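Chemist: With the sequence up front, the predicted model follows.
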Amino acid sequence: MLKNFEGVLYRTPFLFIRYLYDMSLERAKNLVQLFNNEEYDDEIEPYFNTILNFFNFLKKYNVLDEIELSAIPSDEFDEELFGYLSDNGLLNYLHYDSVPDEFKNYYLLHGLEYNYEDTIKFITNDLLTDIEIRDDGFYLYLTDREELSNFFCSNSRDTSPEDVAKKVFSEDPFDWYSNDSIKPYEVLDELDDANIDRLKNYIYKEIGNKPMDLEDYDSDFFDFLSEEQGTPGSFMITSEDLADLVKNNDAMKELFKDELSDLGGDIANTYSNAESDSYESEIYDLVMNGLDEFFEGKFDTVSKEVKKYGNNVTMYIDYIKIRNFPNDIKKFLENRKGGVYSDSFLEYFGSYTDLMKELTYQDEVDCIDFRIPDYADWSLTKKYFNEIITDYI
């Protein structure tokens, strides 16, 4: 049976249907061209009503993947369209710069889920400039270690953890703790047995078995020695007296002011230095242990030869491994889906350090916090004191 259509006779219904399909395919391709020429609003939308109707028409004729996604009008983007593009595998053909602002973070989250390698490389190469990808993870490139202070809490206290971290990472020397009120005779009981023996030997070498005028001293200890030795008005310190002498604060106080004044100064300075070292060590541990919340391991310092003023110069660059870089990025993007302000986008910050500073400021991530000690740790001070004092006794 012949079928007449537009003056053409078709011998079978199949040929007629084929004709209609070919005409529709040609029409679909023409519409793709119009769309790619950014004529959707004038030439396409009036006939299809919605962009999804239009895309479904193109999909029916297998030409949906021929459209230029950058030609999608920004006012047509919504979550439904974004999901449609995702379901049909078209987001891989869409470039970040072509995505309307309110969908940029959706786009990156989709990429991290379905095209991780390319998306993470794009983020670290084009959006955040202080990240290096290595086989074992992500490393933060530091122009200065003080950058790491951004991860610490800055609060209303006179000295904040951020302030302390800046001082720790600074190359400038800083006096962490100072105690000018140390009295040498008051810290002798901090000496261990070996150093007590050294002290006794030092005292005996300096003033042992030498007659000393009793009028120059007020301590009852020396009166007792004079009486015991049967030498009115004088006394001597014998080897048998040393154990009791070093335990007697009044007697040692007088000796440190006179015959043993140099030793007294050395003991006071040594204990002060031990306190300072103890306090600094505790502060350093608080800062470095705090970094474990965001980073792994120690600094990796890499040397690099660069040209400076025409000469080869060796620079040393610090890297540190980031603990949860992809998760940190996802947290930022998730909390800013649909954002249109400049600080909603990774490129606004340009670096992982500044990005994390924003997240901690907005309380989306906990900053590193710790209690700053008021005094030096006693046990550590004692340890350092006994190590250092051997240089003087």
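Modeler: Done, it's in.
Chemist: Helices of the stretch 101-250 of the chain, start to end?
Modeler: For the stretch 101-250 of the chain, the helices defined by DSSP state H, counting those that start in this stretch occupy 101-114, 116-122, 161-169, 193-207, 220-229, 242-245, 249-257.
Chemist: I'd like those helices laid out as JSON lines, including mean neighbour count and distance to Leu25.
Modeler: Quick note: C-beta positions are derived from backbone N, CA and C, even for glycine. Formatted as JSON lines, these follow (neighbours: other Cβ atoms under 10 Å; distance: least, Cβ to Cβ, whole Å):
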{"stretch": "helix 101-114", "mean neighbour count": "19", "distance to Leu25": "30"}
{"stretch": "helix 116-122", "mean neighbour count": "14", "distance to Leu25": "32"}
{"stretch": "helix 161-169", "mean neighbour count": "20", "distance to Leu25": "65"}
{"stretch": "helix 193-207", "mean neighbour count": "15", "distance to Leu25": "97"}
{"stretch": "helix 220-229", "mean neighbour count": "16", "distance to Leu25": "114"}
{"stretch": "helix 242-245", "mean neighbour count": "16", "distance to Leu25": "109"}
{"stretch": "helix 249-257", "mean neighbour count": "19", "distance to Leu25": "105"}
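Chemist: can you list those helices in a markdown table and add distance to Glu66?
Modeler: Formatted as a markdown table, the helices of the stretch 101-250 of the chain follow (distance: least, Cβ to Cβ, whole Å):
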| stretch | distance to Glu66 |
| --- | --- |
| helix 101-114 | 21 |
| helix 116-122 | 22 |
| helix 161-169 | 54 |
| helix 193-207 | 86 |
| helix 220-229 | 104 |
| helix 242-245 | 99 |
| helix 249-257 | 94 |
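Chemist: out of those, which comes closest to Ser276?
Modeler: The closest of the helices of the stretch 101-250 of the chain to Ser276 is helix 161-169. By Cβ to Cβ, the value is 13.6 Å.
Chemist: Just name whatever secondary elements that closest one is in contact with.
Modeler: Helix 161-169 is packed against helix 261-291, with contacts defined by 3 or more Cβ pairs under 8 Å, 6 or more residues apart in numbering; DSSP states H and E.
Chemist: now the helix it packs on and helix 161-169, what's the angle there?
Modeler: Angle of helix 261-291 versus helix 161-169, following axes from the mean of the first three to the mean of the last three Cα atoms, to 10 degrees, is 120 degrees.
Chemist: going forward, begin numbering at 812 instead of 1
Modeler: New numbering, starting at 812: the last item is helix 1072-1102.
Chemist: tell me the strands in the stretch 812-961 of the chain, going along the chain?
Modeler: For the stretch 812-961 of the chain, the strands defined by DSSP state E, counting those that start in this stretch cover 814-816, 819-821, 942-945, 948-953.
Chemist: Which neighbouring elements make contact with the longest one?
Modeler: So that's strand 948-953. On a contact count with 3+ Cβ pairs under 8 Å, 6+ apart, strand 948-953 meets strand 942-945, strand 1106-1119, strand 1122-1133, helix 1136-1145.
Chemist: what's the neighbour count on Phe963?
Modeler: Close neighbours of Phe963, defined as other Cβ atoms under 10 Å, add up to 25.
Chemist: Many thanks, have a good one.
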